[in-house]
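Participant: Build me a structure from this.
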Amino acid sequence: MADDLSGLVETPQAERLATGFVNTEGPLWDSNGRFLYFVDNRRSLLYRLTPGEHPVAVRDDTGEGNGLTFDLEGHVVMCEGARRRVTRIHDDGRVEVVADRFDGKRLNRPNDVACGSDGSIYFTDPAGGRVPPAEREIPFSGIYRVSHGGDVTLVAECESPNGLAFSADERVLYVANSRQVAYIHALEVDADGTLIRRRIFADMSSDDASKAPDGVRVDVEGRVYCAGAGGIWVFTRDGARLGIIPTPEAPANLTFGGDDLRTLFLTARSSVYAFRTAVPGIAHPCFRR
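Facilitator: Residues are numbered from 1 along each chain as shown. Next up, the predicted model:
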């Protein structure tokens, strides 16, 4: 299939903003501070990067922190995989547990996280990978919702859920599936996160088994971007593949940022990169209020 990304990606090659890390993940753009958060997953470090400057570590001992988002008050919310929980970092540095159990049972290994405009927090929790079978209290992989009041409910089970992102109207939650079969799920949900129906949005199978579907983002025109084999896969709102944006290293996650939300930041193994796009991404709910 020929790629059709003409007019969408404005920079022919990625700009490397920082390097020297072990495994970068969780890019999150702060529109107020005009900087990027990201983690070095294996070193359990959270960084803040102002474009044009060197990144600064702002928290250590993150429990192999992974996916990041903001809550509606602008606090960083993090999936702490090694501690099997989702946390909120307050302005004074205090770490509050958002979720660590479902139905009284310990979560497996929260991976990625998103915030809804009502303040609810959605996260993926794959059961496989680095949690030994004997330590798994929940036998399945799931996508969960934490209400603004703190109640944890199961949105859907999934083979191996990874990255996730909402459509602009928050009626579709796109979820990357990283094991067994490579694809993106489209979960249609109502206002309180109840699953209405589910479907396969896009096939991401590839001859390259070294990189499965990972982080997901959506632009304002409904295109879906997903880190995968060979780079960033881009799909129309109907699930047709437009093409793959090649990346210098295997990509893990991505986010839109910059003053106009047209900079596509990418975490990829040892480095953080950026592309310029013609269409902006969807602003985080905390910056739309």
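Participant: so how far is Leu107 from the closest residue to Arg199 other than its chain neighbours?
Facilitator: Closest residue to Arg199 apart from its sequence neighbours, by Cβ to Cβ, 6 or more residues apart in numbering: Ala186 at 5.2 Å. In short, each C-beta sits where N, CA and C put it, glycine included. With distances taken as Cβ to Cβ, to the nearest Å, Ala186 is found 24 Å from Leu107.
Participant: Those two: which is more packed in?
Facilitator: Ranked by neighbour count (other Cβ atoms under 10 Å), Ala186 and Leu107 place Leu107 first, with 25 against 18.
Participant: What does the pLDDT read for the more buried one?
Facilitator: Looking at Leu107, its pLDDT reads 97.
Participant: Identify the residues contacting it.
Facilitator: 84-86, 99-101, 125, 138 (Cβ atoms under 8 Å, 6 or more residues apart in numbering).
Participant: Tell me which helix or strand Gly67 sits in.
Facilitator: For Gly67, the element it lies in under DSSP states H and E is strand 65-70.
Participant: Could you identify the helix or strand that succeeds that strand?
Facilitator: Immediately after strand 65-70, counting by DSSP H and E, sits strand 76-80.
Participant: Go ahead and name everything in contact with whichever helix or strand comes after that next one.
Facilitator: Note on strand 76-80: by DSSP H and E, the next helix or strand toward the C-terminus is strand 85-89. The contact list for strand 85-89 (Cβ under 8 Å, 6+ apart) reads 59, 63, 71, 75-80, 95-100, 107, 110, 113, 121, 123, 146.
Participant: Using PyMOL, define a selection of the buried residues within those.
Facilitator: Buried residues within these, by 16 or more other Cβ atoms under 10 Å, are selected in PyMOL with:
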select buried, resi 59+63+71+75+76+77+78+79+80+95+98+99+107+110+113+121+123+146
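Participant: before we move on, the earlier item: what subset of the contacts of Leu107 is buried?
Facilitator: 84-86, 99, 125, 138.
Participant: one step back: and the residue nearest to Arg199, bridged to which residues?
Facilitator: Note on Ala186: beta-bridge partners Tyr174, Arg199, judged by DSSP bridges.
Participant: surely it meets Val216?
Facilitator: No - applying Cβ atoms under 8 Å, one finds Ala186 not in contact with Val216, separated by 10.8 Å.
Participant: Noted, bye for now.
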